[in-house]
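Undergrad: Take this sequence and fold it.
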Amino acid sequence: MIRAVMVMNTLGKLRLARFYDFQPAQNQQQIVRSVYSVLCRRPENVSSFIQVESIFGPDTRLVYKHYATLYVVFVFDSSENELAMLDLIQVFVETLDKSFKNVCELDIVFSYNKAHAILDEIVFGGQVLETNSTEVLNAVGEISKLETASKGITLFPKSVSWLGDLILL
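TA: Numbering: from 1, shown residues only. Below you'll find the model as predicted:
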């Protein structure tokens, strides 16, 4: 099971996070700091796989990929394959790239809803749902269409004259 997904910049600022195990907010902040302290000390020429039992508890691993100014981190238990998780990071980043036309840190910051929607289409509840980036983009496109269509929906029709009187009371 995937326990957490984090995207942080090289200065340790969290840009996207999803914890699939309940963690109080203070614990989440401490976990992010601990993960960043491990990542920033690692040389570029070492493996992207880390045992993080001291941070997340027994039987937990972390895989990360460094893209420009971002670290993309997946934390998972032994039921998941490390290479599959590395590939899942690649799928996630490729999907973000296709969605934002060459994704950068600011895209994630200013369009966090879309980034979370993409992540939710790939991983939900700690389980991998979809690994085809085209299918993920189609689903996110449908969600965007529904959101746009729902903005025009109101609870009461505009022709109701008594609505103004109710609001004033």
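Undergrad: Show me what the strand or helix carrying Arg33 is packed against.
TA: Per DSSP states H and E, Arg33 falls inside helix 25-40. Packed against helix 25-40 by the contact rule (3 or more C-beta pairs under 8 Å, 6 or more residues apart in numbering; DSSP states H and E) you find strand 2-9, strand 14-19, helix 53-56, strand 60-67, strand 70-77. Just so you know, the C-beta spots here come from the backbone N, C-alpha and C atoms, and that holds for glycine as well.
Undergrad: can you list those in JSON lines and add mean pLDDT?
TA: Shown next, in JSON lines, are these (pLDDT from 0 to 100):
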{"stretch": "strand 2-9", "mean pLDDT": "95"}
{"stretch": "strand 14-19", "mean pLDDT": "94"}
{"stretch": "helix 53-56", "mean pLDDT": "84"}
{"stretch": "strand 60-67", "mean pLDDT": "93"}
{"stretch": "strand 70-77", "mean pLDDT": "94"}
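Undergrad: Redo the ones you listed as a markdown table? Include mean neighbour count and distance to Val136.
TA: Converted to a markdown table, the helices and strands packed on helix 25-40 look like this (neighbours: other C-beta atoms under 10 Å; distance: least, C-beta to C-beta, whole Å):
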| stretch | mean neighbour count | distance to Val136 |
| --- | --- | --- |
| strand 2-9 | 22 | 14 |
| strand 14-19 | 18 | 15 |
| helix 53-56 | 15 | 26 |
| strand 60-67 | 19 | 18 |
| strand 70-77 | 22 | 15 |
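Undergrad: Between these, which one is closest to Val46.
TA: Of all the helices and strands packed on helix 25-40, strand 60-67 sits nearest to Val46, with 11.0 Å by C-beta to C-beta.
Undergrad: Pull up the pairing partners for the closest one, direction included.
TA: strand 49-51 (antiparallel), strand 70-77 (antiparallel) (DSSP bridges).
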